[in-house]
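1. A predicted structure for the sequence below; I have some questions about it.
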Amino acid sequence: MMDIKRVISTIEKNYILSNLKKGERIDGRDLWEYRDWTVKSDVIASAEGSAEVTLGKTKIITGLKYDVGAPFPDLPNEGVCTFMAELLPLASPLFERGPPDDQSIELARVVDRGIRHADCVQTKKLCIKEKEAVYILFVDIYVINYSGNLTDAGGVSALTTLISSHIPEGKWIDGNLEWTGKYLTGDTIVNEIPMVITYGKIGDIIFLDPSLPEELVCDGRISISVTEDKITSIQKSGYATFSLDEIKMLGKKTMEIASKVRKELNLWQYKRDK
Amino acid sequence: MPLIIKDEYPEKLFREDGKRLDGRDKHELRPIKMEVGVLENADGSAYLEWGNNKIYAAVYGPREVHPHHLAKPDRGILRVFYRMATFSVFDRKRPAPGRREKEISMVITDCLEPVLFLELYPGTSFEVFLNVMDADGGTRCACTTVAALALADAGVPMRSLVTAVAMGKIDGELITDLSGIEDKAGEADLPCAMTWFNEEMSLLQFDGKMDLEEFSNCLTLAKEALTNIHEIQLNTLKKKYIEIQEETKGGENEQ
């Protein structure tokens, strides 16, 4: 069993910090380097879309289910897409059973906001009949192994799930819902690929993709979501503070890193046939 | 509002050629794949693919009991938490644990307890987390089987392994290892588990209709299936240590 502690000793924290000052990480990465990604889609037969993503040893399984319901009165021709995250107690001794806690709600919210504000999910295409019937999509994120940076892995798994989706296409005939025999797929539902990128900060040193020991000792984190040319959402967490110059620098850095990761992962390859 | 595709079952559960809908013979098991030590943070863990069922199991313990009042001064306690992912079934399951999940957790706890030496661990708890990521019938049996593996992987002293399988009856015929459709549309469902140190049944539930002769045949057939699954469990556990042994051998040669 890997030694996971709620409190990390000062000597360990100093070791991580002194390495970072030299521009080195305890796992041998440089400051702006991700751990290895693996992405698998369509892993759950019962789900209408699914993905298994690992980032280093962090492992997340996400699945999509749909329901048909009435739209919100103020958005009569738009479907709904909701995100939920569960930090399973099997993933780490740090996770406990019970209703969603702050950490899992934050994970779901950050992933949700990154995707929502990017105009990524085409909610108008999720309308079956105005004012009557729309799709409600549930994207549920399950953390299977916790080894730091759930946000980025969660973001990629949620997006891969949406891209790999395969939802029965319904039409409205005389007040009844009928299946057309076809499916809605990722290219209809997803418009573009936003990426959420997380940095940790210890002292005045900022680094990409905090691993578990780094996450446990760091003063704070910042997650920035970007589309190809715009920033769409930011979440700062922990007690660290960021200077204006640092934030500007991170904005620029995020664009570069996001386009690199987007290219490397090539998430459109997980789209399914209609 | 109903979903666009409806969850309908065929009238006949055997095909023209006498095979079951998924192409199996009456007493053929679905493909089973097991692995141990899959989760690095847990004291012991296992992963099981049994047909379309996909299940992760993790064991934590012996550790402090939360909430504290559950601790027993003369023995350890075993707690099993069976949970299904929202997307593991046809209609999305509600995220909060339901009555069914709580009942199955209890049934599995009672099933596993006889093989553990809990009296050696006073004041502590063993927690077994079972997460069904994809479900297709027989999840309580699959969970029991994978939980026993995870406990063994955690190095918890055990009298023996536990193995479970669901027997059943469809279209008047006895069958082994019910699939999801056979479970819902069939006539009878008999999940059972065996503790191998005394070769007795440690989990037994039954729903449906069978006469006494069928019931007794069913138990005999169950033993056969359980023996085969037990063999896979043992090989999975051995495989991990054979791999470690080979790795260390390699190291010695290099020196």
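-> Cool, got the structure.

2. residue contacts, residue B:45?
-> By C-beta atoms under 8 Å, 6 or more residues apart in numbering or on different chains, the residues touching residue B:45 are A:90, B:36-39, B:56-59, B:150, B:153-154. For the C-beta atoms, the positions are set from N, CA and C on the backbone; glycine is no exception.

3. and of these, the nearest to residue B:233?
-> Taking C-beta to C-beta as the measure, residue B:233 lies nearest residue B:36 of these, at 9.4 Å.

4. which residues does the top helix by length along chain A contact?
-> The longest helix of chain A (DSSP state H) is helix A:244-265. If you take C-beta under 8 Å, 6+ apart as the criterion, helix A:244-265 is touched by A:32, A:34, A:37, A:39, A:156, A:193, A:195, A:197, A:199, A:206, A:208, A:222, A:224, A:226, A:228-229, A:231, A:242.

5. narrow those to just the buried residues.
-> A:34, A:39, A:156, A:193, A:195, A:197, A:199, A:206, A:208, A:222, A:224, A:226, A:231, A:242 (16 or more other C-beta atoms under 10 Å in any protein chain shown).

6. what is the most widely separated pair among those residues?
-> A:39 and A:242 (29.9 Å).

7. out of the contacts of residue B:45, which are inside helices?
-> B:150, B:153.

8. which among the contacts of residue B:45 gets closest to residue B:103?
-> residue B:57 (18.4 Å).

9. residue A:179 reaches residue B:3, doesn't it?
-> No: distance between residue A:179 and residue B:3: 9.3 Å, which falls outside the contact criterion (C-beta atoms under 8 Å).

10. shared neighbours, the two?
-> Counting by C-beta under 8 Å, 6+ apart, the residues touching both residue A:179 and residue B:3 are residue A:168.

11. between these two, point out the one with more neighbours.
-> residue B:3 (17 against 14; other C-beta atoms under 10 Å in any protein chain shown).

12. could you say which helix or strand contains the closest residue to the more buried one other than its chain neighbours?
-> Closest residue to residue B:3 apart from its sequence neighbours, by C-beta to C-beta, 6 or more residues apart in numbering or on different chains: residue A:68 at 6.6 Å. Take DSSP states H and E as the rule and residue A:68 turns out to sit in strand A:58-69.

13. repeat for residue B:146
-> helix B:139-153.

14. please compute how far that helix lies from its chain's middle.
-> Here helix B:139-153 is found 5 Å from its chain centre; the criterion is C-alpha atoms, centre = their mean, to the nearest Å.

15. do the same with stretch A:237-247
-> Distance of stretch A:237-247 from the chain centroid (C-alpha atoms, centre = their mean) equals 21 Å.

16. which bits of the stretch 51-200 of chain B sit near chain A?
-> B:52, B:54, B:56-58, B:60, B:63, B:66, B:81, B:83, B:85-92, B:95-96, B:127, B:129, B:131, B:133-136 (C-beta under 8 Å from any C-beta of the partner chain).

17. drop anything exposed from these.
-> Buried among those by 16+ other C-beta under 10 Å: B:52, B:54, B:56-58, B:60, B:81, B:83, B:85-89, B:92, B:127, B:129, B:131, B:133-136.

18. quick revisit: the strand holding residue A:68 pairs with which strands?
-> Using DSSP bridges, strand A:58-69 pairs in its sheet with strand A:50-55 (antiparallel), strand A:133-145 (antiparallel).

19. could I get these as CSV with mean neighbour count and mean pLDDT?
-> Output for the strands paired with strand A:58-69, formatted as CSV (neighbours: other C-beta atoms under 10 Å in any protein chain shown; pLDDT from 0 to 100):
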stretch, mean neighbour count, mean pLDDT
strand A:50-55, 25, 98
strand A:133-145, 24, 96
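
20. in CSV: the ones you listed, plus distance to residue A:183.
-> Below are these laid out as CSV (distance: least, C-beta to C-beta, whole Å):
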stretch, distance to residue A:183
strand A:50-55, 15
strand A:133-145, 12
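
21. residues in contact with stretch A:221-239?
-> By C-beta under 8 Å, 6+ apart, stretch A:221-239 touches A:106, A:109-110, A:113-115, A:117-120, A:151-152, A:155, A:192-201, A:210, A:215, A:218-220, A:240, A:242, A:247, A:250-251, A:254-255, A:258-259, A:262.

22. and if we set it to 6 Å?
-> A:110, A:113-114, A:117-118, A:151, A:192, A:194, A:196-200, A:219-220, A:251, A:254-255, A:258 (C-beta atoms under 6 Å, 6 or more residues apart in numbering or on different chains).

23. the helices in chain B, which residues?
-> Counting by DSSP H, the helices of chain B are B:99-112, B:139-153, B:180-185, B:212-254.

24. using CSV, write out the CA atom coordinates for the strand holding residue A:68.
-> Extracted C-alpha coordinates of strand A:58-69, given in CSV (Å, rounded to 0.1, in the frame of the first residue of the first chain):
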residue,chain,number,x,y,z
THR,A,58,-5.2,8.7,-11.2
LYS,A,59,-8.0,6.7,-12.8
ILE,A,60,-11.5,7.9,-13.6
ILE,A,61,-14.5,6.1,-15.2
THR,A,62,-17.3,8.3,-16.6
GLY,A,63,-20.6,7.3,-18.1
LEU,A,64,-23.6,8.9,-19.7
LYS,A,65,-27.2,8.1,-19.2
TYR,A,66,-30.1,10.0,-20.8
ASP,A,67,-33.7,10.7,-19.8
VAL,A,68,-36.5,12.6,-21.6
GLY,A,69,-38.3,15.3,-19.7
